[in-house]
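> predicted model and sequence below, questions to follow.
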Amino acid sequence: MHIYKYLYVPEGLQKKKENLIKKLKNGKLLPGVYLITLASTDQNQLDIFPACIRRQKNYPEELPLVVGLTKDFEDALEIVEGITQEVYNETKGADIRSYILEKEREG
């Protein structure tokens, strides 16, 4: 699992971030945790899904780059909104995927 260097998490999860990442990498079941990843298709920018979906047998072993981690869907939506605003402020565009990949390479 690849975690974005500048992982987006809500303020309330900052202290638990490292522990949650460790549990995710170890395949632990994390009910209520949502992941924000780069979209699995080029037609979209980001995907939001519950972390527990990874436990399904047919789910791919390797995830796209995880860029955000939240405790509920509403927080995930707020993070995506914040990412979108950041990308627009920095680039005056809306290509989230390119922005995140470029920051990942730079870092």
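That came through fine.
> look up how far residue 101 lies from the residue of the chain positioned farthest from its centre.
Residue farthest from the centre of the chain, counting by Cα atoms, centre = their mean, is residue 92 at 22.0 Å. As judged by Cβ to Cβ, to the nearest Å, residue 92 and residue 101 stand 18 Å apart. Where you see a C-beta, it was placed from the backbone N, CA and C, and this is true even at glycine.
> over to residue 82?
Counting by Cβ to Cβ, the gap from residue 82 to residue 101 is 18 Å.
> now swap in residue 18 and tell me
According to Cβ to Cβ, residue 18 stands 23 Å off from residue 101.
> please identify which of these two sits among more neighbours.
Neighbours per residue, other Cβ atoms under 10 Å: of residue 18 and residue 101, the larger number sits with residue 101, 14 against 9.
> contact partners for that one?
38, 65 (Cβ atoms under 8 Å, 6 or more residues apart in numbering).
> if I look at it, how far off is residue 91?
In terms of Cβ to Cβ, residue 101 sits 13 Å off from residue 91.
> now residue 20
Distance, residue 20 to residue 91, by Cβ to Cβ: 29 Å.
> ok, these two, which is more surrounded?
residue 20 (19 against 13).
> confidence score at that one?
If you check residue 20, the pLDDT there is 93.
> what of the one 3 residues further on?
Per-residue confidence at residue 23 stands at 92 (pLDDT).
> which ones are touching it?
Neighbours of residue 23 in contact, by Cβ under 8 Å, 6+ apart: residue 30.
> please apply the same query to residue 104.
By Cβ under 8 Å, 6+ apart, the neighbours of residue 104 are 4, 5, 6, 65.
> wait, is the second one part of a helix?
Spelled out, it's residue 5. No - using DSSP: H, G, I helix; E, B strand; the rest coil, the assignment for residue 5 is strand, not a helix.
> my read: it touches residue 102, true?
No - counting by Cβ atoms under 8 Å, residue 5 does not reach residue 102; the two are 11.8 Å apart.
> ok now the strand or helix carrying residue 35, how far from the chain's centre?
Following DSSP states H and E, one finds residue 35 within strand 34-38. Strand 34-38 sits 3 Å away from the centroid of its parent chain (Cα atoms, centre = their mean, to the nearest Å).
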